[in-house]
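Peer 1: Here is my input; please provide its structure:
(4 chains)
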There are 2 protein chains.
Amino acid sequence: MNINISNSSGEPIYLQISNQIKTMILEGKLKEGDSIPSMRVLATELRISFMTTKRAYEELERDGFIESYTGRGSFVKAQNLELYKEEQIRRVETLLLEAVDTAKKAGISMSELHELLDLVNEA
Amino acid sequence: MNINISNSSGEPIYLQISNQIKTMILEGKLKEGDSIPSMRVLATELRISFMTTKRAYEELERDGFIESYTGRGSFVKAQNLELYKEEQIRRVETLLLEAVDTAKKAGISMSELHELLDLVNEA
DNA sequence: TAAATTGTATAACTACGATATATACATTTA
DNA sequence: TAAATGTATATATCGTAGTTATACAATTTA
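Peer 2: Got it, this is the predicted structure:
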């Protein structure tokens, strides 16, 4: 499995792993039912503790990307893109809510906010 | 000075103080030139270390709300509302940028994002 | 001018969470 | 049954945030 981890990146190892696998799934490079390396095998490959790979896999399970079975291994789950999108929408809402709160306190109008949104999108 | 601090709120004491004073200034209850309690007096009132009130006042100085002079005390500065608004715009931009990034990765369109923004505003 | 009051600067202590690890255990596979 | 797999619990390490203590400097005030 092609995973690169960097100690200098500042990003925690378990997130580097889970994000790279997540990307492979979202890009279709890993599909429903595909097996991914066992926690121990991947840990040995990357020369890290397998508890760290477990942590990475836990993230992926939490987000519905994989499933793990004792003795068998870990596998890519059927992807529920709708569910994923809804979760991301919730995240986006949280960010927007904070933006709106900040804007209100500073007297920034909603139309200004919409302008800023487009502006930021183009950048 | 009417400041309430709560140990159970989770919000750091120095932020509770600086936010309450900031609000008073933005609401006009404290005006340019008004003196605010000395760090030690306020600290004694609130039964905390005066280094914590200093920390709070430093926040307020950093954001241009007050000025402090050794031996004299701390005073409300002339408010530059334009500057304040620009700073808040920068903060809002950062939040919107993250929202846009998240949205893009999840295939959320810009028009959906604008809708979400209005939706969040009404809530 | 001396004492009191005020802000400043530096250091250190504590608490907490995040990250990574070790080790013992349970389940499945071959 | 041995080997491989995931699970659970505990521990170690590290960094950061929050708070405090203490010594110092400048101004005000009696």
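
Peer 1: tell me, how many neighbours does A:R91 end up with?
Peer 2: Applying other CB atoms under 10 Å in any protein chain shown, we find 15 residues neighbouring A:R91. Where C-beta positions appear, they are placed from N, C-alpha and C, glycine not excepted.

Peer 1: same check, this time on the one 10 residues further on
Peer 2: Using other CB under 10 Å as the criterion, A:D101 is surrounded by 14 other residues.

Peer 1: Need the three-state assignment for it.
Peer 2: helix (DSSP: H, G, I helix; E, B strand; the rest coil).

Peer 1: Distance of it relative to DNA strand C?
Peer 2: As judged by CB to the nearest atom of the strand, to the nearest Å, A:D101 and DNA strand C stand 23 Å apart.

Peer 1: The residue sitting nearest the centre point of chain A: which element?
Peer 2: In chain A, the residue lying closest to the centroid (CA atoms, centre = their mean) is A:N19, at 4.9 Å. Assessed by DSSP states H and E, A:N19 sits inside helix A:13-26.

Peer 1: What are the contacting residues of that helix?
Peer 2: With contacts defined as CB atoms under 8 Å, 6 or more residues apart in numbering or on different chains, helix A:13-26 is touched by A:3-7, A:9, A:11, A:30-31, A:36, A:42, A:46, A:48, A:52-53, A:55-57, A:59-60, A:63, A:65-66, A:76, A:79, B:105.

Peer 1: Show me how to select, in ChimeraX, the buried members of the residues you listed.
Peer 2: Buried residues among the contacts of helix A:13-26 (16 or more other CB atoms under 10 Å in any protein chain shown), as a ChimeraX selection:
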select /A:3,5,30,36,42,46,48,52,53,55,56,57,59,60,65,66,76,79
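
Peer 1: Narrow the contacts of helix A:13-26 to those in strands?
Peer 2: Judged by DSSP state E, these include A:I36, A:I66, A:V76 as members of strands.

Peer 1: any idea which of the residues you listed is closest to DNA strand D?
Peer 2: Set against DNA strand D, the nearest of the ones in strands among the contacts of helix A:13-26 by CB to the nearest atom of the strand is A:I36 (7.5 Å).

Peer 1: Which residues of chain A lie near DNA strand D?
Peer 2: Counting by CB under 7 Å from any atom of the strand, the residues of chain A close to DNA strand D are A:38-41, A:51, A:54, A:57-58, A:68-74.

Peer 1: Which pair of these spans the longest distance?
Peer 2: Among the residues of chain A next to DNA strand D, the pair separated by the greatest distance (CB to CB) is A:M51 and A:R72, at 19.1 Å.

Peer 1: Could you dump the ones in strands among the contacts of helix A:13-26 into JSON lines and include pLDDT?
Peer 2: What follows is these, written out as JSON lines (pLDDT from 0 to 100):
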{"residue": "A:I36", "pLDDT": "97"}
{"residue": "A:I66", "pLDDT": "97"}
{"residue": "A:V76", "pLDDT": "97"}
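
Peer 1: Can you add distance to A:L26 and give these back as CSV?
Peer 2: Listed next are the ones in strands among the contacts of helix A:13-26 as CSV, based on distance: CB to CB, whole Å:
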residue, distance to A:L26
A:I36, 14
A:I66, 13
A:V76, 11
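
Peer 1: Go through the residues you listed and name the one nearest B:E87.
Peer 2: A:I66 (42.9 Å).

Peer 1: Grab the nearest non-local neighbour of that closest one.
Peer 2: Distances taken as CB to CB, 6 or more residues apart in numbering or on different chains put A:L60 closest to A:I66, at 4.5 Å, once the chain neighbours are dropped.
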